[in-house]
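A.B. asks: using only what follows, build the 3D model:
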Amino acid sequence: MDVFDVIKGRRSVRRFKPDPIEESDLEKILDAGRNAPSAGNCQPLELIVVRNEKIKRQLVKSALGQSFLAEAPVVVVVCANVSRTSNRYGKRGAELYCIQDTAAAIQNMLLAAYALGYGTCWVGAFDEEAVAKSIKAPEGIRPVGIIPIGRPAEKPKAPPRISLNEIVHENTF
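C.D. replies: Numbering: from 1, shown residues only. Next up, the predicted model:
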């Protein structure tokens, strides 16, 4: 599949079939995240693959009741290992770079999953402390996003986008 088709075709999916995810496909998706760029190649990415129903239900509660998380066969909690970046870049590394790096990894994973025929949704609305507790994250590991992955049971339409003319500026704002 052409990368531009993947970028334009990917949608946030919130209904999943119970079909399992092929382990080789899951590895490709996770590896796409691992291969995302990171500031100074610090690689703060930590990925927690959740299949356990009890933990998925805890994540639903932590994610403000977004029940579709429990419906997906696999949920990946994407975390930033803050010290990997802050050790090199200090406060800016801790507060910005490690977040940017994990966001790049999330986008890579969403695109890879779509290219393999899976649906995903980038979930960012959650109680960070509750998620950390559910996955038993050690000190310094910050949950940044939650990605349910599965075969889509819906085909969402493309949302409207602001035109390039409205958002592209030459040299200055």
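A.B. asks: quick one: the residue nearest to the spatial centre of the chain from Gln100, how far?
C.D. replies: The residue lying closest to the centre of the chain (Cα atoms, centre = their mean) is Ile106, at 3.6 Å. Using Cβ to Cβ, to the nearest Å, Ile106 is found at 11 Å from Gln100. Placement of C-beta: from N, CA and C, glycine included.
A.B. asks: hey, where'd the helices end up in the protein?
C.D. replies: 3-9, 23-34, 53-62, 68-71, 82-92, 98-115, 128-134, 164-167 (DSSP state H).
A.B. asks: about what we covered before: please name the nearest non-neighbouring residue to the residue nearest to the centre of the chain.
C.D. replies: Among residues not flanking Ile106 along the chain, Gly145 sits closest, at 4.9 Å (Cβ to Cβ, 6 or more residues apart in numbering).
A.B. asks: now the angle between helix 23-34 and the lengthiest strand in the chain, please.
C.D. replies: In the chain, taking DSSP state E as the definition, the longest strand is strand 141-150. Inter-element angle recorded for strand 141-150 and helix 23-34: 140 degrees (by axes from the mean of the first three to the mean of the last three Cα atoms, to 10 degrees).
A.B. asks: CA atoms of strand 141-150 as PDB?
C.D. replies: Written as PDB, here are the backbone C-alpha positions of strand 141-150 (Å, rounded to 0.1, in the frame of the first residue of the first chain):
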ATOM      1  CA  ILE A 141       7.600   5.900  33.000                       C
ATOM      2  CA  ARG A 142       4.800   8.200  31.800                       C
ATOM      3  CA  PRO A 143       1.800   6.900  29.800                       C
ATOM      4  CA  VAL A 144       1.300   9.100  26.800                       C
ATOM      5  CA  GLY A 145      -1.200   7.200  24.700                       C
ATOM      6  CA  ILE A 146      -3.400   4.100  24.500                       C
ATOM      7  CA  ILE A 147      -3.900   2.300  21.200                       C
ATOM      8  CA  PRO A 148      -6.600  -0.400  20.800                       C
ATOM      9  CA  ILE A 149      -5.800  -2.600  17.800                       C
ATOM     10  CA  GLY A 150      -8.100  -5.000  16.000                       C
END
